[in-house]
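Visitor: model the following, please.
(2 chains)
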Amino acid sequence: GQQVMQIPQYQHVQEGEDFTTYCNSSTTLSNIQWYKQRPGGHPVFLIQLVKSGEVKKQKRLTFQFGEAKKNSSLHITATQTTDVGTYFCAGPTDSSYKLIFGSGTRLLVRP
Amino acid sequence: ETGVTQTPRHLVMGMTNKKSLKCEQHLGHNAMYWYKQSAKKPLELMFVYSLEERVENNSVPSRFSPECPNSSHLFLHLHTLQPEDSALYLCASSQGLGGNTEAFFGQGTRLTVV
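Guide: As a prediction, the model looks like this:
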């Protein structure tokens, strides 16, 4: 079945270091979404990418959608302790009526 | 405040109990979802409702029974659960079915089955 894989599973960085998480789909996606879940919290939508090769920025966060629309990345520049949480990518199924979530990358930031 | 409210926030129940989880959305969305989040698994979609009709039932055991009386409310009725059902249960809503629009999640119900 359709799968969305995410790596790494965990990343522990020193505050100020950069962080990247990668998302790979077994099928071409019409769009990819990214969510952040703080410890003890719930997933919160960050962004949606639709176009092949699209790059979007939100302050220190840079999101990229691959040319083949099968992979995506989230890069955080100069991490801060407020970036701590689990980052999920999600893509629609072939039928498009539901989202499949990746397993998430848990980011820990040492102050 | 996401516009999606879940109650209760925490629930401890015995394996012979019957309980219900409630979700209410104030966003005017027409699709609602139940997800299960366990410690070592990705978010698992359980049920999808669109305009109060169940669209998806992802091979969920019958001890979980959803109910959607209107487009703003979603329930998950629980009975004779197992300890492995302990998890965070998340409700979400979206404008249109979920693949192409962002999902708004509630804060979840942390369920412990003893």
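
Visitor: C-alpha only now, for contacts and for neighbours.
Guide: Will do.

Visitor: flag every residue of chain A that's near chain B.
Guide: Selection of chain A residues close to chain B by CA under 8 Å from any CA of the partner chain yields A:30-31, A:33, A:41-45, A:48, A:91-93, A:96-104.

Visitor: and the pLDDT for residue 95?
Guide: Assuming you mean chain A. At residue A:95, the pLDDT value in this model is 68.

Visitor: the intended chain is chain B.
Guide: 90.

Visitor: how many residues are close by it?
Guide: Using other CA atoms under 10 Å in any protein chain shown, residue B:95 has 17 neighbouring residues.

Visitor: quickly find the element holding residue B:68.
Guide: strand B:64-70 (DSSP states H and E).

Visitor: check the offset of that strand from the chain's centre.
Guide: In terms of CA atoms, centre = their mean, to the nearest Å, the centre of strand B:64-70 is set 9 Å apart from its chain centre.

Visitor: quick one: average confidence on the next helix or strand after that strand?
Guide: As assigned by DSSP H and E, the chain's next helix or strand after strand B:64-70 is strand B:73-79. Mean per-residue pLDDT for strand B:73-79: 97.

Visitor: ok, stretch A:102-110 next?
Guide: Averaging pLDDT along stretch A:102-110 yields 95.

Visitor: contacts for the helix or strand bottoming out on mean pLDDT in chain A?
Guide: Sorting the helices and strands of chain A by mean pLDDT, DSSP states H and E puts strand A:99-101 at the bottom, at a mean of 88. Residues outside strand A:99-101 that contact it (CA atoms under 8 Å, 6 or more residues apart in numbering or on different chains): A:3-4, A:88-93, B:42-45, B:98-99.

Visitor: how about a cut-off of 10 Å?
Guide: A:2-6, A:23, A:25, A:32-35, A:88-93, B:42-45, B:97-103 (CA atoms under 10 Å, 6 or more residues apart in numbering or on different chains).

Visitor: is any residue of stretch B:44-51 near chain A?
Guide: Yes: using CA under 10 Å from any CA of the partner chain, stretch B:44-51 reaches chain A at B:44-45, B:47-48, B:50.

Visitor: just those now: which is nearest residue A:78?
Guide: Nearest to residue A:78 out of those is residue B:44 (CA to CA; 31.9 Å).

Visitor: who's the closest one bridged to?
Guide: Residue B:44 has these beta-bridge partners by DSSP bridges: residue B:36.
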